[in-house]
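>>> need coordinates for the below:
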Amino acid sequence: MSLLPTSLFRVRAAGFPAQPRPSTVFIPKRSFTPGGLSRLRGRRLEPEDKALAISKELEAKILRYFHVEKWRVGTIARQLGIHHGTVDRVLSQAGLPKAARHHRPSVIDPFLPFIVQTLERFPELTASRLYAMVRERGYGGGEDHFRHLIAHHRPAKQPEAYLRLRTLPGEQGQVDWGHFGKITIGKAVRTMMAFVIVLSFSRRIFLRFFLDARMANFLRGHEAAFQAWQGLPRILLYDNLKSAVLERQGQAIRFHPTLVDFAGHYRFEPRPVAIARGNEKGRVERAIRYVRDNFFAARTWKDLDDLNAQAGAWCEGQASERPCPEDRSLSVREAFEQERAQLLALPDNPFPTDEREEVGVGKTPYVRFDLNDYTVPHTHVRRTVTVVANPTKVRILDGLDTIATHERSYDKNKQVENPAHIAALLEAKRQGRHHRAADRLFHAAPNSRDLLTEAAAHGQNLGSLTASLLRLLDRYGATELETAIGEALARGVPHPNAVRLALECRREQRDQTPPLAVELPADPRVKTLVVKPHKLDDYDQLQANTETKTENDDEDDNDN
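Just a heads-up that it's a prediction; the model follows:
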């Protein structure tokens, strides 16, 4: 928005002295239009300036100059140092029609009858489409200016009136998802969604957070709410989300088959609202806003379980103690106690909400599920298995037999392994054990790869060489082994004996005792664990500086 200097011109009329010239104030063009004072972007107005813009005295001057002195709107605006829109507004509020000003010819004038007639027939027609239509008829003006002119001729939309809806106790509930940003778990960035369901009569809220809005979590949210209330309403309203409605043509609605089965199990009626009619489920929309402002804002939590625990306490506490909108003399808790007896009873058995997915096992004994890999017995490679998951466990089935069970991970690209699966594979495939040992060696001492390459060129047995280096790794550690391998390669002797000699020489130089081998448990997670110690050079330097300072202090004492 451009800024225009508002200044006064000294206009002398008979019997009227010139008004004092105020200091120049930079104010946007539309600053003095209705509501424009809140959009000022120029210099901050002083108190006297604000009074000048809105005072009754100024309005009286405008009316007197217009009626008595017959001044035009532009003259009044220039004389008083205000925008002509402010003059028009004051005259309109006084019951007068907008003052007519001299109309300058415009390139749009020949097309106005067509534009007005078209907008009367199609009031929602976009300005860009209307611009294209008048361009085809010879209009040569710019599109931006055309949009500005069309805004004055578009018919105003008639505001829609709404009925206040009231429901019976236990009759209706409203369901929706709320998006609450992202959450990082390890390497994974997941969407945090809030499942919100509210009883229409008592306004009782149930809130539960999930890491996505898929069907399994959609049903889990319903079940958790039903269990918390020990019942459910007869009708549940949804908008047209994919978890509820797959397809809709007018009044013909195709529900999600899983939701239909779920509704049949709990004996409630799923009912979608009309398209683009969010007011039909305004109770849950307001409940989500209430959750954002009164629960989630500025809240701290450790993990999703902690957040859901706080949400449950909030629903039972603060959210239940607020006044019930249906009857302000009751709290939501008291209204819910009246409604509880009218809720439908729960069936004997809950509806199964576990996720089920058919996945294929490749040539390695892993299945991919929800961004992570889970091990299966190596005897099931190259097969199709079924993954059944709840929020905490992942079970892998071959037909009706459970072949693997793991803790569920919400990380990304993580290998969740059962040590027994890997051990069985190593026993069955010796070559696999060799590669496993080599991978451990390469991870601990990267330059061991060069040593093995040169040893292979000399015709040495890589299996025994790898085993020897792994024993040295267990005895001396990764840092010492990597340094010793570097010295052996520098001497051109790619053999474990050269590495062992370098290790012993370094130990004797440091005057250290021979290291003792540590017997580790048979657990592969411990056997393959590599710990690289941190460098202690900074501490050595710190100690050297301390000793130097001590010597200098002693010399100063001797001098004294």
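
>>> what pLDDT, on average, does the strand or helix carrying Phe442 get?
Using DSSP states H and E, Phe442 sits in helix 430-444. In this model, helix 430-444 has a mean pLDDT of 71.

>>> thinking Phe180 is in contact with Phe195, fair?
No. Look at Phe180 against Phe195 with C-beta atoms under 8 Å: they stay out of range, at 10.8 Å. No exception for glycine: its C-beta is placed from N, CA and C like everyone else's.

>>> okay, now the residue nearest to Ser448 when sequence neighbours are not counted: neighbour count?
Of all residues beyond its chain neighbours, the one nearest Ser448 is Leu441 (5.1 Å), with distances taken as C-beta to C-beta, 6 or more residues apart in numbering. For Leu441, the tally of surrounding residues (other C-beta atoms under 10 Å) stands at 25.

>>> show me the contacts for Leu441.
Applying C-beta atoms under 8 Å, 6 or more residues apart in numbering to Leu441 gives the contacts 448, 466, 469-470, 473.

>>> for Leu58, see how far away it is.
Noted for Leu441: a distance of 88 Å to Leu58, by C-beta to C-beta, to the nearest Å.

>>> what does Glu136 give?
48 Å.

>>> now Glu504: how far from Asp439?
27 Å.

>>> swap that for Leu501, please
Leu501 is 26 Å from Asp439, by C-beta to C-beta.

>>> out of the two, which sits in the more crowded spot?
Leu501 (16 against 11).

>>> so the more buried one is in which element?
helix 496-509.

>>> for that helix, packing partners?
If contacts are counted by 3 or more C-beta pairs under 8 Å, 6 or more residues apart in numbering; DSSP states H and E, helix 496-509 sits against helix 462-476, helix 478-491.

>>> quick one: buried residues of it?
Neighbour-count burial for helix 496-509 flags 496, 498-503 (criterion: 16 or more other C-beta atoms under 10 Å).

>>> that helix - what's its average pLDDT?
pLDDT averaged over helix 496-509 gives 86.

>>> what's next to that helix, contact-wise?
So helix 496-509 is contacted by 451, 465, 468-469, 472, 476, 480-481, 483-485, 487-488, 491, 514-515 (C-beta under 8 Å, 6+ apart).

>>> please compute how far stretch 328-342 lies from its chain's middle.
Its chain's C-alpha centre and that of stretch 328-342 lie 35 Å apart, by C-alpha atoms, centre = their mean, to the nearest Å.

>>> how deep is Asp261 tucked in, by neighbour count?
Should you count by other C-beta under 10 Å, Asp261 turns out to have 13 residues around it.

>>> ignoring the adjacent residues along the chain, who's closest to it?
Closest to Asp261 by C-beta to C-beta, 6+ apart is Phe351, at 7.6 Å.

>>> distance of the one you found from Arg271?
Taken as C-beta to C-beta, the span from Phe351 to Arg271 is 19 Å.

>>> for Leu91, same thing?
For Leu91, the distance to Arg271 - C-beta to C-beta - is 52 Å.

>>> quick one, phi psi at Asp348?
phi -70, psi -40 (degrees, to the nearest 10).

>>> show me which residues of the helix or strand hosting Arg135 are buried.
Applying DSSP H and E as the criterion places Arg135 in helix 127-136. For helix 127-136, a neighbour-count test (16+ other C-beta under 10 Å) marks 127, 130-131, 134 as buried.

>>> do the same with stretch 228-243
229, 231-233, 235-240, 243.

>>> now, the residues you listed that are in strands?
Among the buried residues of stretch 228-243, the ones falling in strands (DSSP state E) are 235-238.

>>> will you turn the residues you listed into a markdown table that also has distance to Arg214 and pLDDT?
Below are these laid out as a markdown table (distance: C-beta to C-beta, whole Å; pLDDT from 0 to 100):
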| residue | distance to Arg214 | pLDDT |
| --- | --- | --- |
| Ile235 | 24 | 95 |
| Leu236 | 18 | 95 |
| Leu237 | 21 | 93 |
| Tyr238 | 15 | 92 |
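
>>> how about the spatially closest residue to Val284 that is not a sequence neighbour, secondary structure?
Counting by C-beta to C-beta, 6+ apart, the nearest residue to Val284 once its immediate chain neighbours are dropped is Gln174, at 3.8 Å. Under DSSP: H, G, I helix; E, B strand; the rest coil, the three-state class of Gln174 is strand.
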